[in-house]
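[1] missing the sequence, but the structure's below:
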């Protein structure tokens, strides 16, 4: 097969995401733009949950597992297979075009085409494993809570459907990873075994640091190196500048469980505690890119886009004043009206305000007045070849002048 289909599955605190993509050759300029387009189409599923057609699957998952949405590129073979693989709403990616062409992280040779990662299909299912981890049964001696049998059954159902899609497309599943919810779950081995049985690949729980590095890699591929990435998830937030990468155990869903849909006076104390042991050294006053469902939902509400528009969202720059305006607008709406806004269906309407509060606190710590939104993410970072960690150079010991004289 000329362009082998590769796949990853990301099991998070709020959603499960399956990506099917392929590395394809393209001239440097096209590669640069299409690479960005590819990733945008992928996370477009998360933002286009708000505007895409709701499939029959949505009724099957009920409240805890929302409708899956598929995003396909203009690859005819993948599109035909996706139709047989119970894919949901599909959005074609035609010509690669971006709002602002990004500088590639490494200069491509003028004669040799560059390999770009192009998505063929993405599906998103809302699983909300964090509901159990942050507000479930009693804690064990380590302060952890188990994932309930009900949630495990729903997760198995999602993984089984993902496996059917993978087999229909002939995609090679490269990795299944679990993030913050599973890092905190007391019965992680039980969940891992259930997922492995359903999708036929053993999932791996990755650290927050690795998650941050992979997310940064996905953005760096088409926006360059001199930047900072923020990935606000349901249970944690990952930051990286390429040299430093770390995770803060704070996410939109976790905040919602502690403070409700709109943080009150207790938020000031909450933030102080969250930043107590965090250092932002080397990250301040740099271009910031926001990744994840919170960012895409923010962009769609800001632009009032009922359908996902890559060219409008990718690289969209917002100021803190813009962020405040959107936060105020959403906060003044009832729960029912919030759920009608673009990007806020399927349970995101109840956690979005917490995510926006947290985003502003992070931006203040990074000492920036604006930020950009990207649709890259962990699932793409998992498909790029691993990078060799730079060797730590040992400093040569210097002999003091007085000691040299004595030795001579």
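    Alright, I've got the coordinates. Fair warning: this is a prediction, and the values are worked out from it, not measured in the lab. Numbers count the residues shown, from 1 in each chain.

[2] when you work out contacts or count neighbours from here on, use the C-alpha atoms and nothing else.
    OK.

[3] go ahead and confirm residue 353 touches residue 327.
    Yes - using Cα atoms under 8 Å, residue 353 makes contact with residue 327 at a distance of 6.4 Å.

[4] comparing these two, which residue is more hemmed in?
    More crowded of residue 353 and residue 327, by other Cα atoms under 10 Å: residue 353, with 25 against 22.

[5] so what secondary structure elements neighbour the helix or strand where residue 214 lies?
    Per DSSP states H and E, residue 214 falls inside helix 208-223. Contacts defined by 3 or more Cα pairs under 8 Å, 6 or more residues apart in numbering; DSSP states H and E place helix 208-223 against helix 28-47, strand 228-232, strand 237-240, strand 245-248, helix 378-381.

[6] would you single out the least confident of these?
    Across these, helix 28-47 has the smallest mean pLDDT, namely a mean of 44.

[7] pLDDT weak spots in the chain?
    Along the chain, the parts satisfying pLDDT under 70 run over 1-3, 26-114, 136-138, 310, 389-408.

[8] how many neighbouring residues does residue 232 have?
    Neighbours of residue 232 (other Cα under 10 Å): 26.

[9] so what's it bridging to?
    When assigned by DSSP bridges, residue 232 has beta-bridge partners residue 237.

[10] contacting residues for it?
    238, 251-252, 290-294, 355, 359 (Cα atoms under 8 Å, 6 or more residues apart in numbering).

[11] now do the helix or strand where residue 311 lies: which elements does it pack against?
    Here residue 311, judged by DSSP H and E, is contained in helix 310-313. Packing partners of helix 310-313 (3+ Cα pairs under 8 Å, 6+ apart): helix 28-47, helix 293-303.

[12] what about residue 168, distance to residue 216?
    31 Å (Cα to Cα, to the nearest Å).

[13] okay, those two: which has more neighbours?
    Of the pair residue 168 and residue 216, residue 216 is the one with more neighbours under other Cα under 10 Å, namely 30 against 17.

[14] so is residue 8 in a helix, a strand, or just coil?
    strand (DSSP: H, G, I helix; E, B strand; the rest coil).

[15] strands of the protein, start to end?
    Assigned by DSSP state E, the strands in the chain fall at 6-11, 15-26, 114-126, 172-178, 204-205, 228-232, 237-240, 245-248, 288-291, 316-319, 370-373.

[16] turn those strands into JSON lines, columns for distance to residue 345.
    Compiled in JSON lines, the strands of the chain are given as follows (distance: least, Cα to Cα, whole Å):
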{"stretch": "strand 6-11", "distance to residue 345": "19"}
{"stretch": "strand 15-26", "distance to residue 345": "13"}
{"stretch": "strand 114-126", "distance to residue 345": "10"}
{"stretch": "strand 172-178", "distance to residue 345": "23"}
{"stretch": "strand 204-205", "distance to residue 345": "28"}
{"stretch": "strand 228-232", "distance to residue 345": "18"}
{"stretch": "strand 237-240", "distance to residue 345": "22"}
{"stretch": "strand 245-248", "distance to residue 345": "26"}
{"stretch": "strand 288-291", "distance to residue 345": "18"}
{"stretch": "strand 316-319", "distance to residue 345": "22"}
{"stretch": "strand 370-373", "distance to residue 345": "20"}
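
[17] so which of those is nearest residue 154?
    strand 114-126 (9.9 Å; Cα to Cα).

[18] same for that closest one, what does it pack against?
    Using 3+ Cα pairs under 8 Å, 6+ apart, strand 114-126 sits against strand 15-26, helix 28-47, helix 76-84.

[19] now do the contacts for the nearest residue to residue 248 once chain neighbours are set aside.
    Excluding the flanking residues, the one nearest residue 248 by Cα to Cα, 6 or more residues apart in numbering is residue 237, at 5.2 Å. Contacts for residue 237 (Cα under 8 Å, 6+ apart) come out as 230-231, 247-251.

[20] gap between residue 320 and residue 185?
    35 Å.

[21] quick one: which of the two has more around it?
    Neighbours per residue (other Cα under 10 Å) separate residue 320 from residue 185, with residue 185 holding more: 22 against 16.

[22] hang on, isn't that one packed against residue 144?
    Yes - using Cα under 8 Å, residue 185 is in contact with residue 144, at 5.8 Å.

[23] show me what residue 123 is bridged to.
    Where residue 123 sits in a bridge, its partners, by DSSP bridges, are residue 18.

[24] same check on residue 245?
    In beta-bridge terms (that is, DSSP bridges), residue 245 pairs with residue 240.

[25] tell me how far it lies from residue 372.
    The separation that residue 245 has from residue 372, given Cα to Cα, amounts to 19 Å.

[26] ok, now residue 344?
    Counting by Cα to Cα - residue 344 and residue 372 are separated by 20 Å.

[27] for residue 304, same thing?
    Residue 304 is 17 Å from residue 372, where distance means Cα to Cα.

[28] repeat that for residue 217.
    From residue 217 across to residue 372, the span is 16 Å (Cα to Cα).
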